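Colleague: let's see this in three dimensions:
(chains A and B)
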2 protein chains.
Amino acid sequence: MAEPADEALRAAVLGPPGPAHRRAVAKTITLLESTRADHRARADDLLNALLPHAGRAVRVGISGVPGVGKSTFIEALGLHLTGLGHRVAVLAVDPSSSVSGGSILGDKTRMERLSVDPQAYIRPSPSSGTLGGVAEKTREAMLVCEAAGYDVVIVETVGVGQSETAVAGMTDCFVLMQLPNAGDDLQAIKKGVMELADLVVINKADLDEDAATRARAQITSALRLLGTHAHVAAQVMQLSARDGTGVADFWAAVTRFRDAQQASGRLAARRHEQDRAWMWERIEAGLRERFRQHPAVRQALPGLTLEVRDGTLAASVAARRLLDLMDSKEPN
Amino acid sequence: MAEPADEALRAAVLGPPGPAHRRAVAKTITLLESTRADHRARADDLLNALLPHAGRAVRVGISGVPGVGKSTFIEALGLHLTGLGHRVAVLAVDPSSSVSGGSILGDKTRMERLSVDPQAYIRPSPSSGTLGGVAEKTREAMLVCEAAGYDVVIVETVGVGQSETAVAGMTDCFVLMQLPNAGDDLQAIKKGVMELADLVVINKADLDEDAATRARAQITSALRLLGTHAHVAAQVMQLSARDGTGVADFWAAVTRFRDAQQASGRLAARRHEQDRAWMWERIEAGLRERFRQHPAVRQALPGLTLEVRDGTLAASVAARRLLDLMDSKEPN
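Modeller: Okay, here's the model as predicted:
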């Protein structure tokens, strides 16, 4: 922490709420998201300085396909929580945002009331390429928000690819939002998302209460068959985000779940495992990147790839040759 | 191919069937499975020399939980095929064999009649640690068997961990064997194995024909809901490996599937993609190994891991520090 500017930033993030504090949080996260090496070095120092103050929030992941009503639900939940005196940060993991050009949280008008609530901080998904990269930035932003005193962090994700796994891997309670229709649950089972869920919420229960009740029974029985959560049964509940019905019950369920996890020591174990997995995920991504950037590898890779494709070189032999090239002296 | 001994080995593998040919195949695979660096270098040369003669077999993967009747079925299928004039190699991927001390195919008495059939070659699973390592050896053994003229290669695996993915990733037609009871299919869906299946076989249909018929209908509808195989619908069939009922139909289905794949160009695309994925899987395993073996990393890893665990260092920062250490000069 050499730079005086960063020292001031750290103090402001840790300081009392207000416009200057908000700006400091935003500025710190922007620094974390920068791809410049000098920014990255400063961000690492800042992150380590903030780390002792992080970790105290309830981390909630919320996932669901587009149209399930995530924004409406998160806004209702966020307002409920700030009304109870909590400070709420809303982050997102959306690896598609760099492709589509717009983040799922880019348009703050989606959460009009929450975005002007002084006790809430909404940050759109970083849009930096790979899922691993996007998840890393969100995870680091979460630590900053925690150090800044936000005691509830909500991480939203759409149901694309492996983003649910990433979000479940950074939260204390992972919530899957479902629509009240059959088939939706099978898709979630297929994608392995159902297994990640600590809570399953059937939204839009007001539209068709019978269908919602049937869906709830189906999902409950599927979860039983899947045999997940041997110790803590995943709970399935119905609500209507639009009407605000069930939001208080939802938060009570999250709190109950987290308290039980904390009492049993499972929360600490989960967070340790998440940190360990995160470190190795980042190491592997870094190793792949270094491999691809190695001059001798860059030179040989296209040719060897073609030989493998043409069937004149076994894939395993090509892999060994490329790895051996990394030991070679770099050409000048 | 400097060594005259290896030149003789290559010639014998490519030569006419008989006891000497069999021994050469076994010896070549043993060389591939060796962990000695000089053996590995010789094996690589041998593999590349054999490669132009490989690739002509029908590659069938067979997976199913213990007790589903894989050995009985593979023996019946193998005898049926040698009776038709085929030469059949049976290999296995069993990453648990190094733990349990016994391969799923270690005991050839499991396939008593097939193991003495001169037109068949049975090789137990290599028992060298990680799934990636075991799969690599099996894959290389498959290429040797193909070069040796076996025109059907059957790769067996038990339903543990990700071994099904590995076997589906090296075969032209991946078969999932199921028992005629409900719940079994849900487990397969959960584990993502159902999606890999080109053919689903319900064995022991003789025990309870009604249950088998019900299971078949359930699995067919599950496959439809999963939306897999948009172009070629996965087929579900019943058989009894013990009675030999359905074995001829099974082989007809495999042949039909493979012919259709070949005609549409999907077979070539599948094999290319398998080779590409295999190469990258081996590269990533090699990168991880090199990372763990790097002196500076070995020295720093325990301490940094503890710091991450204690919450005094962010996981992403630890990852970056460790990666930076790889650039450092090795201590002498």
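Colleague: please name the nearest non-neighbouring residue to A:Leu199.
Modeller: Spatially, and ignoring its direct neighbours in sequence, A:Leu199 is nearest to A:Val175 (4.7 Å; Cβ to Cβ, 6 or more residues apart in numbering or on different chains). The C-beta positions use only the backbone N, C-alpha and C, and glycine is treated the same way.
Colleague: from chain B, how far off is that neighbour?
Modeller: Using Cβ to the nearest Cβ, to the nearest Å, one obtains 20 Å as the distance from A:Val175 to chain B.
Colleague: and that residue, backbone torsions?
Modeller: phi -110, psi 130 (degrees, to the nearest 10).
Colleague: what do you get for A:Gln293?
Modeller: Geometry field for A:Gln293 lists phi and psi as phi -90, psi -10, criterion degrees, to the nearest 10.
Colleague: give me the neighbour count for it.
Modeller: Burial measure for A:Gln293: 9 neighbouring residues, criterion other Cβ atoms under 10 Å in any protein chain shown.
Colleague: do you know the pLDDT at it?
Modeller: With respect to pLDDT, A:Gln293 has a value of 92.
Colleague: now it: how far from A:Leu301?
Modeller: Computed with Cβ to Cβ, to the nearest Å, the distance linking A:Gln293 and A:Leu301 is 11 Å.
Colleague: OK, contacts around the residue nearest to A:Leu199?
Modeller: The contact partners of A:Val175, by Cβ atoms under 8 Å, 6 or more residues apart in numbering or on different chains, come to A:Val60, A:Gly61, A:Ile62, A:Ser63, A:Ala197, A:Asp198, A:Leu199, A:Val200, A:Val201, A:Val254.
Colleague: do A:Arg123 as well
Modeller: A:Ala26, A:Ile29, A:Ala89, A:Val90, A:Leu91, A:Ala92, A:Leu105, A:Ala141, A:Cys145.
Colleague: among the residues you listed, which one has the lowest pLDDT?
Modeller: In terms of pLDDT, the least confident member of the contacts of A:Arg123 is A:Leu105, at 51.
Colleague: I figured A:Val158 hits A:Val65, correct?
Modeller: Yes - with contacts counted by Cβ atoms under 8 Å, A:Val158 reaches A:Val65, the gap being 7.1 Å.
Colleague: which one of these two has more residues nearby?
Modeller: Between A:Val158 and A:Val65, counting by other Cβ under 10 Å, A:Val158 is the more crowded of the two (21 against 17).
Colleague: quick one on the thing from earlier: would TSV of the contacts of A:Val175 with secondary structure, pLDDT and neighbour count be doable?
Modeller: Output for the contacts of A:Val175, formatted as TSV (DSSP: H, G, I helix; E, B strand; the rest coil; pLDDT from 0 to 100; neighbours: other Cβ atoms under 10 Å in any protein chain shown):
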residue	secondary structure	pLDDT	neighbour count
A:Val60	strand	97	28
A:Gly61	strand	96	27
A:Ile62	strand	95	24
A:Ser63	strand	92	28
A:Ala197	coil	87	26
A:Asp198	coil	90	25
A:Leu199	strand	90	20
A:Val200	strand	89	25
A:Val201	strand	90	25
A:Val254	helix	95	20
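Colleague: just give me the closest of those residues to chain B.
Modeller: Using Cβ to the nearest Cβ, A:Ala197 comes nearest to chain B of these, at 13.0 Å.
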